[in-house]
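K.L.:
Structural data only, the sequence is not supplied:
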């Protein structure tokens, strides 16, 4: 671990940092790289559970919780319906159909929330982050970086992003190990 730049209380010792080559060399369809804050998060924390419930997936090859495996699985649950204009979930308040079509899932929570990057919007090496539960929350812009996402989900304005959450999420990271 380099340092605790995201100011999370760490449970355990980070030990699974994924495939650093993929982390540095991955490109979205438009040629953009992973966001700077995501790379920093992976290098500092690695594989684990953030904010008490979020699995922020990291590149780990064919492992079940790998970013590439989980991203494809999440996307495959809705993308064909989106392409066929068979929308069974709320898109608003902060999203549109063209944005939903290009979102890249990178995290999910134990409570049914999903986090996505819009890789077309790039501000200083960061990508807009959206959150949804594919039910009543719609797609909400939750931040412009992992730092801002953490601040928004652990702060007093949590209801703007998770309207059914009664309290801010804890600023924690629980280290996990791959199960072979």
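P.N.:
The structure has been received and is ready for your questions. Just so we're clear, the structure is a prediction, and the values are computed from it rather than from any experiment.

K.L.:
Contact partners for residue 51?
P.N.:
8, 150, 153, 154, 169, 170, 171, 172, 173 (Cβ atoms under 8 Å, 6 or more residues apart in numbering). In short, each C-beta sits where N, CA and C put it, glycine included.

K.L.:
what's the pLDDT at it?
P.N.:
With respect to pLDDT, residue 51 scores 97.

K.L.:
Residue 25 too?
P.N.:
Listed pLDDT for residue 25 reads 97.

K.L.:
how near is it to residue 63?
P.N.:
Distance check for residue 25 against residue 63: by Cβ to Cβ, to the nearest Å, it reads 18 Å.

K.L.:
Settle it for me: which of the two has more neighbours?
P.N.:
residue 63 (20 against 11; other Cβ atoms under 10 Å).

K.L.:
And what about that one, helix, strand or coil?
P.N.:
Here residue 63 is coil, with the state taken from DSSP: H, G, I helix; E, B strand; the rest coil.

K.L.:
Next, count neighbours for the residue lying closest to it once chain neighbours are set aside.
P.N.:
Spatial nearest neighbour of residue 63, chain neighbours left out: residue 178 (5.8 Å); criterion: Cβ to Cβ, 6 or more residues apart in numbering. Around residue 178 there are 14 other residues, counting by other Cβ under 10 Å.

K.L.:
Same question for residue 154.
P.N.:
Residue 154 has 18 neighbouring residues, counting by other Cβ under 10 Å.

K.L.:
swap in residue 55?
P.N.:
Number of residues near residue 55 (other Cβ under 10 Å) recorded here: 18.
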